[in-house]
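1. here is my input; please provide its structure:
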Amino acid sequence: MGCSDGGSGEFTGQELTFPMVAGPDQNISGQVTLRETSNGFTNIEVSLTGTIAGFTHPVHLHDGNIEKVDAAVLALLESLNGSSGESNSTLQFLADETEIKFEDLANGDFHIKVHQAAVGAEKDIILAAGNIGSAFEGQLSTENSTITVCQSK
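-> Sure, this is the predicted structure:
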């Protein structure tokens, strides 16, 4: 999977925060914060408001920006707790076991999506999404109408 629960590692002080926009027909808002760990990896914290207690929601790192059709899932992050609206992961490796560092995420073309469910028809319902790295720098708006469905396996 490439993630841990955040652990007790030290941080370098390098931190980037990006907005998360609500998926279509969702009343959710929030942000994703990337923090560099002392070993160069990335702690990824997703914080959302408007989630429903008692549910958990898959969180994925995808390639490209939120408008990319059939964006591949690069890594599965810790599921978001609907009660707290929080997900906290430390990312070290992508799903294909490629090592990924904070600088790769900060300068790369990626986005994060929070899905309603892991399986079934609800897996294609996006609760929130946010561009990170260079994908955010190229973002034209924060409108949710441009969020696309992800590649399914």
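2. switch to C-alpha atoms for all contacts and neighbour counts from now on
-> OK.
3. contacting residues for L80?
-> The contact partners of L80, taken as CA atoms under 8 Å, 6 or more residues apart in numbering, are 46, 56-59, 86-88, 114.
4. pull the CA atoms of stretch 110-122 into CSV?
-> Coordinates of the C-alpha atoms in stretch 110-122 are reproduced here as CSV (Å, rounded to 0.1, in the frame of the first residue of the first chain):
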residue,chain,number,x,y,z
PHE,A,110,-1.2,15.0,-8.8
HIS,A,111,-4.6,15.2,-7.1
ILE,A,112,-6.4,13.7,-4.1
LYS,A,113,-9.9,12.4,-4.2
VAL,A,114,-12.2,11.2,-1.3
HIS,A,115,-14.7,8.7,-2.6
GLN,A,116,-18.0,7.8,-1.0
ALA,A,117,-17.3,4.1,-1.0
ALA,A,118,-14.6,1.6,-2.0
VAL,A,119,-16.8,-0.7,-4.1
GLY,A,120,-20.1,-0.6,-6.0
ALA,A,121,-21.8,2.3,-7.7
GLU,A,122,-20.9,4.6,-4.8
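5. buried sites along that stretch?
-> For stretch 110-122, the neighbour count (16 or more other CA atoms under 10 Å) marks 110-118 as buried.
6. what about the residues you listed, which are in helices?
-> Among these, no member falls in helices (criterion: DSSP state H).
7. dump these into JSON lines; add distance to V73 as well.
-> Shown next, in JSON lines, are these (distance: CA to CA, whole Å):
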{"residue": "F110", "distance to V73": "10"}
{"residue": "H111", "distance to V73": "10"}
{"residue": "I112", "distance to V73": "9"}
{"residue": "K113", "distance to V73": "10"}
{"residue": "V114", "distance to V73": "12"}
{"residue": "H115", "distance to V73": "12"}
{"residue": "Q116", "distance to V73": "15"}
{"residue": "A117", "distance to V73": "15"}
{"residue": "A118", "distance to V73": "12"}
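8. for the record, mean pLDDT for stretch 19-35?
-> The average pLDDT within stretch 19-35 is 95.
9. which secondary structure element of this structure has the lowest mean pLDDT?
-> Lowest on mean pLDDT, DSSP states H and E among the helices and strands of the chain sits strand 3-4, with a mean of 48.
10. what comes up buried for whichever helix or strand comes after it?
-> Note on strand 3-4: by DSSP states H and E, the next helix or strand toward the C-terminus is strand 11-22. By neighbour count with 16+ other CA under 10 Å, strand 11-22 contains the buried residues 11, 15, 18-22.
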